[in-house]
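Asks: missing the sequence, but the structure's below:
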């Protein structure tokens, strides 16, 4: 089958297949990928925590660094992916190639710049991110290896998102999944067998990221992807890069604010000692794992929304949103009930010999379980507006949960409620973010209902004729 025929069949699949099975088929591989990524993040926390409470706190400090790297990578990746899926929906493959190649170059340049800054100012950065004097040495040892691989991490995110935007979620899963499994296997070897301590965890992460990048790049260079990467396709038009940044800026806000909020949380928790920093770090990693399944499911929704919005099949966009948000709500409600009941046991897996960490962590964990069922509407709303190029709406929604509401609350609540304020900050912020999504969705779907009358459905006879050509 020629690449043209493959492209047309993919277009038919994305715009004609029943919506629910289509979303599920695209989501299953991405859920697996996200879970693997979350598991190896938790594995780092688990193995590093064996080195002591201060080492466990260092993982929370370096999480801010990872969030900044991901902020840049996902800004470029989501900005590119949105354009790629809609370009393919319009049957414009050259435009998709241009955005993919330009985004790849952009990610590498951003990654190298961040790597240079990070390696030059590692120690002061760790202090800025909230490391206590006892946590700082562990955090610096971990972070320097993460900074070495920053460009590779950013580029891998772009390749991953581009494959998902094409509807090639399985290829994305193979690349990131293999790297994640490798990281989990290398962690105990480098940390304990080779006696590298916390540096071993960072080296394992660096190696796994390089392997993932190599696998993902192979898929593009071997012709297994729809879009093609080439130096000739890298655009010299500044508007291409501005478009990528504009559409992906909401992801930058979400990830960047995640880093900022983590820094603020670390500074607030540090007032109550290393145990508080370690406890909040553990809770955040656990919830990353829980939410990774939702994010993976949403990533299966995104190319469906992008393709069909580009093809003007608005009723399919609405159907896909309802299905994805509904399934996510049911899943996270079940997870919230289980998490609330077993909170001490879950936190205790990481620091079983430190009851103070368990006590602080269990309260924070239960507080977040209270609002866990609200997450699907927040996450899927943001993904919807990203996928269809509504940058302003997507940016605002992404900024609410860990920026607009979280940052003021993380200072106000502890002032009045002490440690309890730290533990309940995310709960209050999530509630306000959920309420903020409702008017945006109401106006969007109200207008989409009128646009539905103008849908331009491509006749099957025309598609069949193109396949023959």
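Replies: Perfect, I can see it now. Note that the coordinates shown come from a computational prediction; the quantities given were computed from them, not determined experimentally.

Asks: so how far is the host helix or strand of residue 61 from its chain's centroid?
Replies: Taking DSSP states H and E as the criterion, residue 61 maps to helix 53-89. The chain centroid and the centroid of helix 53-89 are separated by 6 Å, computed with C-alpha atoms, centre = their mean, to the nearest Å.

Asks: Show me what counts as buried in stretch 119-137.
Replies: Residues of stretch 119-137 classed as buried: 122, 125-126, 129-132, 134-137 (neighbour count, 16 or more other C-beta atoms under 10 Å). (C-beta placed from N, C-alpha, C; glycine too.)

Asks: Pull the residues that contact that stretch.
Replies: Residues from elsewhere that reach stretch 119-137 (C-beta atoms under 8 Å, 6 or more residues apart in numbering): 54, 57-58, 61, 64-65, 118, 139-140, 143-144, 147-148, 262-267, 269-270, 274, 277.

Asks: Which ones among these lie within helices?
Replies: Within these, residues falling in helices by DSSP state H are 54, 57-58, 61, 64-65, 118, 139-140, 143-144, 147-148, 262-267, 269-270, 274, 277.

Asks: Can you flag the buried ones in those residues?
Replies: Among the ones in helices among the contacts of stretch 119-137, those classed as buried by 16+ other C-beta under 10 Å are 54, 57-58, 61, 64-65, 118, 139-140, 143-144, 147, 262-267, 269-270, 274, 277.

Asks: distance of the closest residue to residue 269 other than its chain neighbours from residue 299?
Replies: Using C-beta to C-beta, 6 or more residues apart in numbering and skipping the chain neighbours, the partner closest in space to residue 269 is residue 276 (4.0 Å). For residue 276, the distance to residue 299 (C-beta to C-beta, to the nearest Å) stands at 33 Å.

Asks: try residue 386
Replies: Here residue 386 is placed at a distance of 11 Å from residue 299 (C-beta to C-beta).

Asks: Which one of those two is surrounded by more residues?
Replies: Comparing residue 386 with residue 299 by other C-beta atoms under 10 Å, the one with more neighbours is residue 386, at 30 against 26.

Asks: what about the more buried one, helix or strand, and which?
Replies: For residue 386, the host element (DSSP H and E) is helix 375-387.

Asks: residues making contact with the next helix or strand after that helix?
Replies: Sequence-wise, the next helix or strand downstream of helix 375-387 (DSSP H and E) is helix 391-399. Contacts with helix 391-399, where a contact means C-beta under 8 Å, 6+ apart, come from 246-247, 249-251, 253-254, 257, 378, 381-382, 385-386, 433, 436-437, 440, 444.

Asks: Could you count how many residues lie near the closest residue to residue 190 other than its chain neighbours?
Replies: Nearest non-adjacent residue to residue 190, counting by C-beta to C-beta, 6+ apart: residue 200, 3.1 Å away. Neighbourhood size, residue 200 [other C-beta under 10 Å]: 25.

Asks: Contacts only, for residue 200.
Replies: Applying C-beta under 8 Å, 6+ apart to residue 200 gives the contacts 187, 189-192, 194.

Asks: same question, residue 335
Replies: Here residue 335 is in contact with 290, 372 (C-beta under 8 Å, 6+ apart).

Asks: That one sits in which helix or strand?
Replies: Here residue 335 is covered by helix 314-341, with elements defined by DSSP H and E.

Asks: mean confidence score for that helix?
Replies: On average, the pLDDT along helix 314-341 is 94.

Asks: Now do that helix: distance to the chain's middle.
Replies: 17 Å.

Asks: ditto for stretch 33-47
Replies: 13 Å.

Asks: Counting by contacts, list what the helix or strand where residue 239 lies packs against.
Replies: If you go by DSSP H and E, residue 239 is part of helix 238-270. Helix 238-270 sits against helix 53-89, helix 93-120, helix 274-310, helix 375-387, helix 391-399, helix 406-417, helix 419-451, with contacts defined as 3 or more C-beta pairs under 8 Å, 6 or more residues apart in numbering; DSSP states H and E.

Asks: can you tell which of the ones you listed is closest to residue 347?
Replies: Evaluated over the helices and strands packed on helix 238-270, closeness to residue 347 peaks at helix 274-310, with 5.9 Å, by C-beta to C-beta.

Asks: Can you give me the pLDDT of residue 186?
Replies: According to the model, residue 186 carries a pLDDT of 91.

Asks: phi, psi of it?
Replies: Dihedral angles of residue 186 (phi, psi; degrees, to the nearest 10) stand at phi -80, psi -30.

Asks: That one and residue 207: what is the separation?
Replies: 6 Å.

Asks: Neighbour count for the two, which is higher?
Replies: A count of neighbours by other C-beta under 10 Å puts residue 186 above the other of residue 186 and residue 207, at 22 against 17.

Asks: who's in contact with the more buried one?
Replies: 203-204, 207-208.

Asks: Now residue 293. Nearest residue, chain neighbours left out?
Replies: Closest residue to residue 293 apart from its sequence neighbours, by C-beta to C-beta, 6+ apart: residue 31 at 5.4 Å.

Asks: Mind giving me the packing neighbours of the one helix or strand that neighbour maps to?
Replies: Using DSSP H and E, residue 31 sits in helix 19-49. For helix 19-49, the packing partners by 3+ C-beta pairs under 8 Å, 6+ apart come out as helix 53-89, helix 150-166, helix 169-188, helix 198-221, helix 274-310, helix 314-341.

Asks: now the shortest one: mean pLDDT?
Replies: Helix 150-166 carries an average pLDDT of 90.

Asks: Could I get the buried residue list for that helix?
Replies: Buried residues in helix 150-166, counted by 16+ other C-beta under 10 Å: 150-166.

Asks: ok so, going back, which of the helices and strands packed on helix 238-270 sits closest to residue 227?
Replies: So among the helices and strands packed on helix 238-270, helix 93-120 is nearest, using C-beta to C-beta, at 4.3 Å.

Asks: quick check: angle from the closest one to helix 238-270?
Replies: Helix 93-120 runs at 40 degrees relative to helix 238-270, counting by axes from the mean of the first three to the mean of the last three C-alpha atoms, to 10 degrees.

Asks: Could you pull up the mean pLDDT of the following helix or strand past helix 93-120?
Replies: Following helix 93-120 in sequence order, the next helix or strand is helix 122-128 (DSSP H and E). Average pLDDT, helix 122-128: 90.

Asks: How much space separates residue 298 from residue 377?
Replies: Per C-beta to C-beta, residue 298 is found 11 Å from residue 377.

Asks: Same check on residue 55?
Replies: 37 Å.

Asks: Spit out the contact partners of residue 372.
Replies: 290, 332-333, 335-336, 339.

Asks: Tell me how far it lies from residue 309.
Replies: Distance, residue 372 to residue 309, by C-beta to C-beta: 29 Å.

Asks: And for residue 259?
Replies: For residue 259, the distance to residue 309 (C-beta to C-beta) stands at 30 Å.

Asks: Just to check, residue 104 is in contact with residue 229?
Replies: Yes - Residue 104 is within contact range of residue 229, at 5.9 Å (criterion: C-beta atoms under 8 Å).

Asks: higher neighbour count, those two?
Replies: Shown here are residue 104 and residue 229; by other C-beta under 10 Å, residue 104 has more neighbours (24 against 20).
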